[in-house]
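*Asks:* Show me the folded form of this:
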Amino acid sequence: MTAKAPASGAAHAAVRARSPRPQRPQAPALPPMEALDRTHHQMLQVLADLTTLVDHLESQGVDPAARTRAQAICRFFDDTARQHHADEETLVFPALVRKGDKALIQHVLRLQQDHGWLEEDWLELEPQLQAVAQGYSWYELDGLRAGVGVFAALYQEHIALEESMIYPAARAQMAAEAVSHDQRVAAAVQGSDGNAA
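*Replies:* Numbering: from 1, shown residues only. Have a look, this model is predicted:
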């Protein structure tokens, strides 16, 4: 004899009857560099989705799947990617410029220029993708494909430079600045202890 599965109403009642879970402190956010790394992985996936979307538009046109994908892509580049660039400009690049290494400064300047170009490229692509997201088919496929190719190639080069050189250097510089700060605080504490004696 097989056991009967509980009726869905009974299952919901059992869940409602469970005692509430205790409040816990919110989990800490990822450290800034790890969060930036994670966004790079997301960017590469969204760029692949963008290329897939163009292929889909060529074979299927604007359909519900294309609309959904276009909406997600637009949301990502309008919000997440822009915030990511702003975070790099405030959290990563200043520490490298303070270091004074001329080669690193040149790389930072290149990446800042890339941010401007990526924004320009996105502003050219976005209207066509927003049209797809809203169910319209007034995109120009060859122009869209070419624009996506340029946009994706620049993003991939940009991410490669950041991951291979800039982020490791930024991590090292931030760690050195933290140690220096801790040493200054320790010295100040020791100095004030000596004055109190």
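*Asks:* what about stretch 45-58, average pLDDT?
*Replies:* Average pLDDT, stretch 45-58: 98.
*Asks:* Please point out which parts of it sit buried.
*Replies:* 46-47, 50, 53-54, 56-57 (16 or more other Cβ atoms under 10 Å). Where you see a C-beta, it was placed from the backbone N, CA and C, and this is true even at glycine.
*Asks:* what sits up against it?
*Replies:* 65-66, 69-70, 72-73, 76-77, 129, 132, 139, 141, 144-145, 148, 151-152, 155-156 (Cβ atoms under 8 Å, 6 or more residues apart in numbering).
*Asks:* what bits of this protein have low per-residue confidence?
*Replies:* Per-residue confidence for the chain (pLDDT under 70) gives these ranges: 1-16, 26-31, 178-197.
*Asks:* A95 contacts A172, doesn't it?
*Replies:* No - using Cβ atoms under 8 Å, A95 makes no contact with A172, being 9.4 Å away.
*Asks:* out of these two, which sits in the more crowded spot?
*Replies:* A95 (18 against 13; other Cβ atoms under 10 Å).
*Asks:* Next up, identify which helix or strand the more buried one is on.
*Replies:* Taking DSSP states H and E as the definition, one finds A95 inside helix 93-99.
*Asks:* Also L104?
*Replies:* Counting by DSSP H and E, L104 is found in helix 102-133.
*Asks:* Do I have it right that Q60 meets A66?
*Replies:* Yes - between Q60 and A66 there is a contact under Cβ under 8 Å: 6.7 Å.
*Asks:* what about those two, which has more around it?
*Replies:* Shown here are Q60 and A66; by other Cβ under 10 Å, A66 has more neighbours (21 against 10).
*Asks:* the helices in the protein, which residues?
*Replies:* Taking DSSP state H as the test, the helices found in the chain are 8-17, 32-60, 64-75, 81-87, 93-99, 102-133, 141-161, 167-196.
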